[in-house]
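A.B. asks: The amino acid sequence is not available; the structure is as follows:
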Ligand code: PEP
């Protein structure tokens, strides 16, 4: 088991009112009370709930993140939220390039790169999402598509600048569909992402330090197998993060991985 951080992140997408979000965050806080060996837990509610979720988690070991951001700091960009605004509400993580952003809002590998640079500049921890479509998988293009996404996202950034980077491998065909990428196959792609990063940084082992999460219909019933994989360092969870009773067992799956890593030290 590696010494990389284990991260369990919940992407609440466009769900929850402020009161509902605070209630869910409090239920998660209650559910982890008294536990010491926990994964890094990250809750990513809609922008409108960030303040409430931050207040609800209080001093618990739970980080808060946003699901998207504009890369510029301020200006005439109607409807956008800047990195400094996200920091201002106490969020520390930012999801970048989620496939739903790429699919419905025209985000590209180059906008992902701009956002990643801006997030790092503002000291937000980026979770950069990559993953292939079903057509790409069936055409045997998974590795080339994913490695191209990784290369484009990281363009013009040094490994020192990228130190906080987290990558989420999220096969698009597995997101919100109930179809799960076989854990060994997800592990293979996660390892491929890591070696792509090593190659980008001229044969260094920087990629070996980058946490790679798996996302795509993760559930309580799948997390154990996923957390046994040596190259999968956690999960980015959509649907199953919306109810405490479904998300807490996933956190427990991450905690087991942390315990295993500690006992192997
Ligand atoms: C996601 O939103 O990133 C995701 C993986 O969703 P789900 O778990 O619902 O497939």
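C.D. replies: That came in fine, so what should we check first? Remember, it's a predicted structure, so these values are computed and weren't measured experimentally.

A.B. asks: May I ask which helix or strand encompasses the residue of the chain positioned farthest from its centre?
C.D. replies: For the chain, the residue at maximal distance from the C-alpha centroid (CA atoms, centre = their mean) is residue 76, at 29.0 Å. According to DSSP states H and E, residue 76 maps onto no helix or strand at all.

A.B. asks: Tell me the confidence at it?
C.D. replies: As summarised for this prediction, residue 76 has a pLDDT of 98.

A.B. asks: again, but for residue 1
C.D. replies: At residue 1, the model reports a pLDDT of 58.

A.B. asks: Look at residue 36 and say how many residues are nearby.
C.D. replies: 9 (other CB atoms under 10 Å). C-betas here are computed from N, CA, C, even on glycine.

A.B. asks: now do residue 110
C.D. replies: Residue 110: 11 neighbours (other CB under 10 Å).

A.B. asks: Return the residues in contact with the closest residue to it other than its chain neighbours.
C.D. replies: The shortest distance from residue 110 to any non-neighbouring residue, by CB to CB, 6 or more residues apart in numbering, is to residue 152 (6.6 Å). By CB atoms under 8 Å, 6 or more residues apart in numbering, residue 152 lies in contact with 109, 110, 112, 113.

A.B. asks: dump the residue contacts of the residue in the chain that the ligand sits nearest to.
C.D. replies: At 2.1 Å from the ligand, residue 238 is the closest residue in the chain, using CB to the nearest ligand atom. Shown in contact with residue 238 (CB under 8 Å, 6+ apart): 10, 11, 13, 175, 176, 215.

A.B. asks: give me the element the residue nearest to residue 110 is part of.
C.D. replies: helix 142-153.

A.B. asks: Which of the residues in that helix are classified as buried?
C.D. replies: 142, 145, 146, 147, 149, 150, 152, 153 (16 or more other CB atoms under 10 Å).

A.B. asks: Average pLDDT for stretch 41-60, rounded please.
C.D. replies: Mean predicted confidence for stretch 41-60 is 98.

A.B. asks: mind listing what's buried in that stretch?
C.D. replies: Quick answer for stretch 41-60 (16+ other CB under 10 Å): 41-46, 49-54, 56-57, 60.

A.B. asks: can you tell me the distance between the two ends of that stretch?
C.D. replies: Counting by CA to CA, to the nearest Å, you get 10 Å between the two ends of stretch 41-60.

A.B. asks: before we move on, back to that, gap between the helix holding residue 152 and the chain center?
C.D. replies: 17 Å (CA atoms, centre = their mean, to the nearest Å).

A.B. asks: what's the helix or strand just after it packed up against?
C.D. replies: Downstream of helix 142-153, the next assigned helix or strand under DSSP H and E is strand 166-169. Secondary-structure packing of strand 166-169 (3 or more CB pairs under 8 Å, 6 or more residues apart in numbering; DSSP states H and E): strand 125-130, helix 183-200, strand 212-215.
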